[in-house]
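**Q** Sequence first, predicted model second:
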Amino acid sequence: MAEDLSQDFSLGEVQVASSPQERFEEYLQSKGQRITQQRRALVECVFEKHEHFDADELLEMVARHAEGASVSRATVYRTLDELVKAGLLRKMDLGGRAVYEHDYGYPQHDHLYCQQCHKLIEFRSEELMEIRDAVAAKHSFRVTGHRLIVSGVCEECSQKRHRRHSPLDLI
Ligand SMILES: [Zn+2]
Ligand SMILES: [Zn+2]
């Protein structure tokens, strides 16, 4: 039943032929560039686990990496740009803050975004995709992708706020 289907918001998996590192090297080669030690350390760091991060957080992550200790801020920004252009990362604008996440090898998904703690909750909805494709078809529009970010307040943050205003606090 359609109702059961809509209850599954899990992301699933995508199989890819080459590693992010290989894919990035191919991209750089096509631009007549080579992968440097610094870039390699950054890519390793970025693709260790799926996260949402900004440039500052990546700088901190890479500083903890043995090989990446000497990576400069300028290199981080430049490599992030290259990773987006190579189709490995996706960039989102969250209230003026640039946040990155894996695109290559990671399933299409959408986000709930908490405006208080900046947490992102990922979900995937087949119904949403059907609506998207139906609207696109109506306009003879060729879809290359989409990103829906639902803004609001997460459960934890709304509980915190609720507790603060609770009359029980006065007892
Ligand atoms: Zn929150
Ligand atoms: Zn995400």
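**A** Done, it's in. Just so it is clear, the structure is predicted and the values come from calculations on it, not from any experiment. Numbers count the residues shown, from 1 in each chain. Ligands and ions are numbered 1, 2, ... in the order given.

**Q** and stretch 119-128 with ligand 2, contact?
**A** Yes - judged by Cβ under 5 Å from the ion, stretch 119-128 and ligand 2 are in contact via residue 122. Where C-beta positions appear, they are placed from N, C-alpha and C, glycine not excepted.

**Q** Can you pull out the residues in contact with that stretch?
**A** Residues external to stretch 119-128 that are found in contact with it (Cβ atoms under 8 Å, 6 or more residues apart in numbering): 2, 5-6, 9-12, 52, 99, 107-114, 148, 154.

**Q** can you rerun that using 7 Å?
**A** 5-6, 9-12, 52, 107-113, 154 (Cβ atoms under 7 Å, 6 or more residues apart in numbering).

**Q** dump the residue contacts of residue 107.
**A** With Cβ under 7 Å, 6+ apart, residue 107 has these contacts: 11-14, 124.

**Q** Quickly find the element holding it.
**A** If you go by DSSP states H and E, residue 107 is not part of any helix or strand.

**Q** thinking again about what came up before, could you flag which of the contacts of stretch 119-128 are buried?
**A** For the contacts of stretch 119-128, a burial check counting by 16 or more other Cβ atoms under 10 Å picks out 52, 109-113, 154.

**Q** If we check ligand 1, which of those residues are in contact?
**A** residue 154.

**Q** if we can go back for a sec, any chance of the contacts of residue 107 in CSV, plus pLDDT and secondary structure?
**A** Converted to CSV, the contacts of residue 107 look like this (pLDDT from 0 to 100; DSSP: H, G, I helix; E, B strand; the rest coil):
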residue, pLDDT, secondary structure
11, 84, coil
12, 82, coil
13, 82, coil
14, 81, coil
124, 93, coil
